[in-house]
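Trainee: Need a 3D model of the sequence below.
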Amino acid sequence: MLFTSLSYLIFFPVVFALYWLAPQAWRRALLLVASYVFYMSWIPTYGLLLFLLTAFNYALGLIMDANRARVKSILTFGLVANIGALAYFKYTNFLLDSLKSTLAQIEPWFKLPVHADDIVMMNVILPLGISFFVFEFIHYLVDIYRGDKPIKSPVDFALFASFFPSQIAGPIKRFQDFEHQLTDPRPLNANMVHNGLTLILQGLFKKVALSDNLAPLVTAGYAHVHNMGTADAWLASIGFTLLVYLDFSGYTDMGRGSAMLLGFKLPDNFDLPYFSTSLGAYWRRWHISLGSWLRDYLYIPLGGNRVSRLRRHINLFITMTLGGLWHGAAWHYVIWGAMHGAGLAVNQEYDAFARDKPLLQRIHGSVLGKLFGVALTSASVNFSLVVFRSKDMQDAMVVYGRMLGLYPSTGDSLVEAFLAGTLPVGLVAYMLYFALTNHHRLPVLKNSARYAEIREALTGLCGWPTRIAVYAGSFLAALGFAPTSTSPFIYFQF
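Mentor: Modelled structure (predicted):
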C-alpha cells in the first residue's frame, strides 16, 4: 500500500474517522491494528517478523531495567540479535555474491578447498522498512542502558515500532518523544488539519508530478550509460539528485502529514539540504533522523570529537562508510558513504584552517561566498550520487567520462525527451510554490515590508472555503502532471 495509491486514499480516511470517533481508550489499539494492516498489505508474513522483533525488544527492555547489574551484557545480546536479523535479511545475498566473486578471481592462482561454484545463492527477500525499525529498536535498548525507563505498555511499544506513517521509510523516531505523545495526546484542531493536508498534498505533488516524471529519464540514462551524450549524462545525474530528494522528502511529507492528522508530530527529515553551504551543513539538513542517529549511536560511541584530530576523521569515515552500507547491500553504496566520510573530514580541516582567518570569514559570510558554497556543495553531492545511482563502479566511471566529455557524443535523446514533456512546467510550478511557502528562509524577501503586507492579506483571505479550493486544486494539479505509470519510492529498498 503506497501513500500515493488508491488503496491508501481509502484506507487513511477510514482510519482517520474511526480514530477520532473512537473513545480515547480504544485509539492506540485501533492505530496498532491499522499499522499492521498497512504493513501486511504487501506480504502478510512480514507482519510476523515485525511482531517477533517487537516482542523480543519489548521483553529485553524490561529485563534490562530490572537487571541493572547485568545491563551491559543484556544490551550486547540485544544488539547482536537486532543487527544479526538486519544482516541476515539485508546482507546475506550481498555477502554470498561477494564471496563467490572473490573465489572466482583467486581460484586460478591458489588451490582452495571451496570453489566459487560451491557457493549457493539464497533468495532472501528484504522486508520493507527493516532498516528503519531495527535502528529504532537499537536506539531504544541503548537509551535504556544509558538510564531511560522502558515503555511499560506492550500496546504502546508495539505502536512505536509499527506506526504506519513512519513505518516503511522513516523518519527514525525516538521513543521518548513518541511515548510522550501517546501519554499526552493532542486534540484535533483546525491548524493540525490544515498543516497535515498541506504536507500530504505537497508530498503528493513532489512524488507523482515530479519524481515519477524524472524517474523514466534517469532510469533510461543509467540503463544505457554507454549511449549517453554529455548533456544526457548531466541531465541524468542532476535528474537523480533532484529525484532522490523529491521522492524521499515527498514520502516524508505524506507520512508527517498523515501523522499530524492523527495528532502526532514526527520529526522533520529535511531542511532545504540543497541550499547548504558546506558538506557538514548538508548532512545536518539531509535525512536528519538518520544523521542524528549515526551521530548519537555510532560516531559519539567511537569517540566523536573527544579524541585526536586524526582519530576524529577516522571515526567520521567509519560512520559514513557504515551509513553507506546501511543504504544498500552493494559495494557502490559503501564507496558512496566513504566518499562522504572523506569529504566531511576535508570539510572539518578547512573549517579549522579558516576559523582564525578574518578574510576567509568575511568571504564566507558574503552573498557571493554563500552562493559559491551552495554551488560547490551541490556539485559534490551530485558527483557522489552518480556512484549511488549506478549499478556498479564501472558504470559510474563511464558516467563521469560522459559528463566530462571524454567520449564522442552519441546524441542527447534524454534532453529532447525532457524538453518535450510536462516536467519543466511542473518544476517551475513547484519552484513558485516553494518560494511562496519558504519566504521566511529567502533573504531577499524576508525583510521586505511590502512582501509581508501581501502575504498577510493573502493569509486573511484563506478561510476554509479558500483552503478547500486550494486543496482540491493542488490534488488535481498533482494528478494532471502525473505520468501514466508510477515508480516505487526509492527508500523502500533500504
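Trainee: Please name the nearest non-neighbouring residue to G291.
Mentor: W283 (5.2 Å; C-beta to C-beta, 6 or more residues apart in numbering). To be clear about C-beta, it is placed using only N, CA and C from the backbone, and glycine gets the same treatment.
Trainee: Now do the host helix or strand of the one you found: everything it contacts.
Mentor: W283 belongs to helix 279-285 when assigned by DSSP states H and E. With C-beta atoms under 8 Å, 6 or more residues apart in numbering as the test, helix 279-285 has contacts from 270-273, 276, 291, 340, 343-344, 347-348, 351, 377, 380-381.
Trainee: Just the buried subset of those, please.
Mentor: 270, 273, 276, 291, 340, 343-344, 347-348, 377, 380-381 (16 or more other C-beta atoms under 10 Å).
Trainee: Which pair of those spans the longest distance?
Mentor: Greatest spatial distance in the buried ones among the contacts of helix 279-285: F270 and Q348, 22.9 Å, computed using C-beta to C-beta.
Trainee: What separation do you get for V124 and L86?
Mentor: Separation of V124 from L86 (C-beta to C-beta, to the nearest Å) stands at 12 Å.
Trainee: more crowded one of those two?
Mentor: L86 (21 against 15; other C-beta atoms under 10 Å).
Trainee: what about the more buried one, which helix or strand?
Mentor: helix 71-106.
Trainee: for the stretch 1-150 of the chain, what spans make up the helices?
Mentor: 6-21, 24-40, 46-66, 71-106, 130-145 (DSSP state H, counting those that start in this stretch).
Trainee: if you compare those, which one is most tucked away?
Mentor: Ranked by mean neighbour count, those are led by helix 130-145 with a mean of 22 (mean count of other C-beta atoms under 10 Å).
Trainee: and K265, which of the three is it?
Mentor: coil (DSSP: H, G, I helix; E, B strand; the rest coil).
Trainee: Please name the residues that touch it.
Mentor: Taking C-beta under 8 Å, 6+ apart as the definition, contacts of K265 comprise 181, 256, 259.
Trainee: I'd like to know which of these are part of helices.
Mentor: 181, 256, 259 (DSSP state H).
Trainee: Which of those residues sits closest to P408?
Mentor: R256 (47.2 Å).
Trainee: what's the spacing between that closest one and R312?
Mentor: 33 Å.
Trainee: can you pick the most crowded of the contacts of K265?
Mentor: Result: R256 is most packed of those (other C-beta under 10 Å), 26 neighbours.
Trainee: Now that one: closest residue in space that isn't a chain neighbour?
Mentor: L266 (4.8 Å).
Trainee: who touches the one you found in this structure?
Mentor: Contacts of L266 (C-beta under 8 Å, 6+ apart): 165-166, 171, 173, 255-256, 259-260.
Trainee: switch to 10 Å and redo it
Mentor: Contact analysis of L266 by C-beta atoms under 10 Å, 6 or more residues apart in numbering lists 163, 165-166, 170-173, 177-178, 181, 199, 252, 255-260, 289.
Trainee: Show the buried residues in these.
Mentor: The buried subset of the contacts of L266 (16+ other C-beta under 10 Å) comprises 163, 165-166, 170-173, 178, 181, 199, 252, 255-260, 289.
Trainee: got the residue ranges for the strands in the protein?
Mentor: Assigned by DSSP state E, the chain shows no strands.
Trainee: Pull the number of nearby residues for Q167.
Mentor: Q167: 19 neighbours (other C-beta under 10 Å).
Trainee: Surely it is in contact with A158?
Mentor: No. With contacts counted by C-beta atoms under 10 Å, Q167 stays clear of A158, the gap being 11.8 Å.
Trainee: between those two, what contacts are shared?
Mentor: Joint contacts of Q167 and A158 (C-beta under 10 Å, 6+ apart) are 35-36, 50.
Trainee: can you list the domains in the chain?
Mentor: Listed domain ranges for the chain are 14-183, 190-270+407-486, 285-401 (source: automatic domain parsing).
Trainee: Check the average confidence over the longest one, would you?
Mentor: On average, the pLDDT along domain 14-183 is 87.
Trainee: What is the end-to-end distance of it?
Mentor: 24 Å (C-alpha to C-alpha, to the nearest Å).
Trainee: which one of the shared contacts of Q167 and A158 sits closest to S211?
Mentor: Of the shared contacts of Q167 and A158, the one sitting nearest to S211 (C-beta to C-beta) turns out to be S35, at 25.0 Å.
Trainee: my read: that closest one touches F12, true?
Mentor: No. Under the criterion of C-beta under 10 Å, S35 is not in contact with F12, lying 12.0 Å apart.
Trainee: any common contacting residues for those two?
Mentor: Joint contacts of S35 and F12 (C-beta under 10 Å, 6+ apart) are 164-165.
Trainee: Narrow the buried ones among the contacts of helix 279-285 to those in helices?
Mentor: 291, 340, 343-344, 347-348, 377, 380-381.
Trainee: how about TSV for these, with distance to L302 added?
Mentor: As requested, these are exported to TSV (distance: C-beta to C-beta, whole Å):
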residue	distance to L302
G291	15
H340	16
G343	18
L344	14
N347	18
Q348	15
T377	25
S380	24
V381	24
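Trainee: okay, the residues you listed in CSV with distance to L371 and pLDDT next?
Mentor: Listed next are those as CSV, based on distance: C-beta to C-beta, whole Å; pLDDT from 0 to 100:
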residue, distance to L371, pLDDT
G291, 24, 90
H340, 22, 95
G343, 20, 94
L344, 22, 94
N347, 18, 93
Q348, 22, 91
T377, 11, 95
S380, 15, 95
V381, 16, 95
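Trainee: From the residues you listed, pick the one nearest K206.
Mentor: V381 (18.1 Å).
Trainee: Against S278, how distant is that closest one?
Mentor: In terms of C-beta to C-beta, V381 sits 11 Å off from S278.
Trainee: Please apply the same query to P127.
Mentor: 36 Å.
Trainee: what's the answer for T45, then?
Mentor: 45 Å.
Trainee: quick one on the thing from earlier: of the contacts of helix 279-285, closest to I151?
Mentor: G291 (24.8 Å).
Trainee: So that closest one versus V307, what's the distance?
Mentor: G291 is 20 Å from V307, by C-beta to C-beta.
Trainee: got the angle for the helix holding L86 vs helix 130-145?
Mentor: With axes from the mean of the first three to the mean of the last three C-alpha atoms, to 10 degrees defining the directions, helix 71-106 sits at 150 degrees from helix 130-145.
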